[in-house]
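Asks: Here is my input; please provide its structure:
(chains A, B, C and D)
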2 protein chains.
Amino acid sequence: MSGNISASTCSGSLTEWKNFRTLSPGELDYVGQNRFEAVYKRGEIVIKQGAPASNALFLVSGLAKTYMEGPGGKNFIISIDKPGVMLTGQDSYVNSRNNYSISALTELKACFIAIDVIRHLVKVNGDFAEGLLQDICSRNFRWYDRMINLNHKKMPGRLADTLLYFAGELYMADEFEMILSRQELGEMTNMARESVVRILGEFEEAGILKSETNRIRILDRDKLRLISERG
Amino acid sequence: MSGNISASTCSGSLTEWKNFRTLSPGELDYVGQNRFEAVYKRGEIVIKQGAPASNALFLVSGLAKTYMEGPGGKNFIISIDKPGVMLTGQDSYVNSRNNYSISALTELKACFIAIDVIRHLVKVNGDFAEGLLQDICSRNFRWYDRMINLNHKKMPGRLADTLLYFAGELYMADEFEMILSRQELGEMTNMARESVVRILGEFEEAGILKSETNRIRILDRDKLRLISERG
DNA sequence: CCGCACCGCTGATTTATGTCAATAAATATA
DNA sequence: TATATTTATTGACATAAATCAGCGGTGCGG
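Replies: Predicted coordinates for the structure are as follows:
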């Protein structure tokens, strides 16, 4: 369940977050010595909502799903991420529990850094603090979009949006593996899994995309964008 | 439209944000000299979505509405705030435009501080940086709740939630002035204004509250909380 | 091998919620 | 005060979307 945890001392190659570039050699060393890696298989839970939070988490490789477990087993997918952002740790500025769960969508390598280390760096290195703020604020920025999508758009618009995110940001390609189940696609767009199936069918009918079970090929990106914008 | 702007040099009394407490006397002075106040009347716009953003904004007094203007004149109310938080400025870490609008719900006094000043303080004062992070992260934390509310709950639950927020956080009283129109309550809970009216009526019918046009008195907080939790 | 659980898919049905139209109430304006 | 202009309210209706039920397929553990 918890993967293979191993200390790693590759202090010279903290590449999973661009903000590590702001660190001095001494600080890099400090982080490198408080850094642990673990490998997770698809489906395994990396961070569990409600559990005590004592580490910041970065992806070294793979894709991760961040989601909240609502009452009644209904989940809400907050985001799908690839390496490059701080996936969790900010919560520690509010409370000391995980406020959401994170699981592995692919085989994934995670890097844990004690949250005290991060917080210490914020205090002593202004550039690092600024970088963290940038990271957090740009994630927030995307939330505003998401908010409008989920609240002001109907199902086709919401689904179109999500597909465009997969094509444009995650895979940067018009054809990609659909790594989420229809159920999960629904948890991301706030719709029932049956509705996801139906609307994917409508998109296919309209020649907008080709949808196989685990693969999506977008044929008419403009029309998809139109649907996303129209709501 | 833009209120009465006046430089104020009350550098010793930066009480609108608790994070100013982390500043040294010199820094306090620095902020005090780059600080402007303005008074707005109810309904006036303080910050306009899309306009260039060059200042951080704090409330000195009054209530503010933060909202996004979506396409087709449909707005989405992000939050209602009283003094104590940084209302905007964080955006500057992403882009240099306002990503949302802020308007005055009551007569309100706003305090503008050039964003460069804030960013400079983040770099040189670790405690200040930490305080800003705390502020941002605790706002984010409440977003998670909001997300679940808006996505997993039906109308009565969403409305109950919002009313509890007014009673519990904003006014800390079971009876309070409902400063939002039904339309705005709808923009906050993602429902049509007619639905707001209807469900307020149902709540009244069930003896949960007493609803006059501009005033709400919660009679049965427990039942309201139950509705909020049940969804 | 079987049964179990989950997934994808579809059609029928029910429910939630938005929209429209009309009136009343409140508020602003002359 | 009278009049215009929003805002609140209500009922009837339309539609979006969830739920239910059922089917075949797949992977997994006993």
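Asks: who in chain A is up against chain B?
Replies: Within chain A, the positions lying close to chain B (CB under 8 Å from any CB of the partner chain) are A:68, A:70-72, A:74, A:76, A:78, A:90-91, A:93-95, A:99-100, A:119, A:122-124, A:126-127, A:129-130, A:132-134, A:136-138, A:140-141, A:143-144, A:147-148, A:150-152, A:190, A:229, A:231. The C-beta positions use only the backbone N, C-alpha and C, and glycine is treated the same way.
Asks: List buried residues within those.
Replies: Neighbour-count burial (16 or more other CB atoms under 10 Å in any protein chain shown) applied to the residues of chain A next to chain B gives A:68, A:70, A:76, A:78, A:90-91, A:93-94, A:99-100, A:119, A:122, A:126, A:129-130, A:132-134, A:136-137, A:140-141, A:144, A:147-148, A:150-152, A:190, A:231.
Asks: Can you tell me which of these end up in helices?
Replies: A:119, A:122, A:126, A:129-130, A:132-134, A:136-137, A:140-141, A:144, A:147-148, A:150-152 (DSSP state H).
Asks: Could you chop chain A up by domain?
Replies: Domain ranges of chain A: A:4-141, A:153-230, per automatic domain parsing.
Asks: Tell me who's in contact with residue A:122.
Replies: A:128, A:129, A:132, B:126, B:129, B:130, B:133 (CB atoms under 8 Å, 6 or more residues apart in numbering or on different chains).
Asks: for residue A:82, same thing?
Replies: Counted by CB under 8 Å, 6+ apart, residue A:82 has contacts A:59, A:62, A:63, A:170.
Asks: can you give me phi and psi for it?
Replies: phi -110, psi 170 (degrees, to the nearest 10).
Asks: Low-confidence ranges, chain A, go.
Replies: Along chain A, segments meeting pLDDT under 70 span A:1-13.
Asks: how about 80 then?
Replies: A:1-13, A:72 (pLDDT under 80).
Asks: What's the local residue count around residue A:25?
Replies: Neighbouring residues of residue A:25 were enumerated by other CB atoms under 10 Å in any protein chain shown; the total is 9.
Asks: Can you tell me how far it is from DNA strand D?
Replies: Separation of residue A:25 from DNA strand D (CB to the nearest atom of the strand, to the nearest Å): 46 Å.
Asks: now the helices for chain A?
Replies: Here chain A has its helices, by DSSP H, at A:25-32, A:115-124, A:126-152, A:155-165, A:182-189, A:193-205, A:221-230.
Asks: looking at those, which is closest to residue B:166?
Replies: helix A:126-152 (19.7 Å; CB to CB).
Asks: tell me which parts of chain A are close to DNA strand D?
Replies: Contact residues, chain A versus DNA strand D (CB under 7 Å from any atom of the strand): A:154, A:155, A:156, A:190, A:191, A:192, A:194, A:195.
Asks: Selecting buried members of the residues you listed in PyMOL, what would you type?
Replies: A single PyMOL command selects the buried members of the residues of chain A next to DNA strand D (16+ other CB under 10 Å):
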select buried, chain A and resi 155+156+190+191+195
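Asks: now, among the residues of chain A next to DNA strand D, which is nearest to chain B?
Replies: residue A:190 (4.7 Å; CB to the nearest CB).
Asks: isn't that closest one right next to residue A:149, touching?
Replies: No: in this structure residue A:190 lies outside contact range of residue A:149 using CB atoms under 8 Å: 9.3 Å.
Asks: Give the residues shared as contacts by the two.
Replies: Common neighbours of residue A:190 and residue A:149 (CB under 8 Å, 6+ apart) are residue A:158.
Asks: just checking, residue A:159 touches residue A:202?
Replies: No: using CB under 8 Å, residue A:159 is not in contact with residue A:202; the gap is 9.6 Å.
Asks: quick one, which of these two is more surrounded?
Replies: Neighbours were counted for residue A:159 and for residue A:202 using other CB under 10 Å; residue A:159 has more, 26 against 14.
Asks: For the more buried one, give me its contacts.
Replies: Counting by CB under 8 Å, 6+ apart, the residues that residue A:159 touches are A:185, A:189, A:191, A:196, A:199, A:200, A:203.
Asks: Filtering these by proximity to DNA strand C, which remain?
Replies: By CB under 7 Å from any atom of the strand, the members of the contacts of residue A:159 lying near DNA strand C are residue A:200.
Asks: Going by distance to residue B:37, which of the contacts of residue A:159 wins?
Replies: Among the contacts of residue A:159, and counting by CB to CB, the member closest to residue B:37 is residue A:189, at 43.7 Å.
Asks: what's the nearest residue to the closest one if we skip its chain neighbours?
Replies: In space, and not counting its chain neighbours, residue A:189 is closest to residue A:158: 4.3 Å by CB to CB, 6 or more residues apart in numbering or on different chains.
Asks: gap between residue A:231 and residue B:71?
Replies: 7 Å (CB to CB, to the nearest Å).
Asks: I meant residue A:16, not that one.
Replies: Distance, residue A:16 to residue B:71, by CB to CB: 37 Å.
Asks: Residue A:222 now?
Replies: Distance, residue A:222 to residue B:71, using CB to CB: 18 Å.
Asks: Show me what from chain A comes close to DNA strand C.
Replies: A:181, A:182, A:183, A:193, A:194, A:197, A:198, A:200, A:201, A:211, A:213.
Asks: Name the nearest of the residues you listed relative to residue B:113.
Replies: Nearest to residue B:113 among the residues of chain A next to DNA strand C: residue A:183, at 46.9 Å, using CB to CB.
Asks: quick one: the closest one and residue A:194 touch, right?
Replies: No: counting by CB under 8 Å, residue A:194 is not a contact partner of residue A:183; they are 9.9 Å apart.
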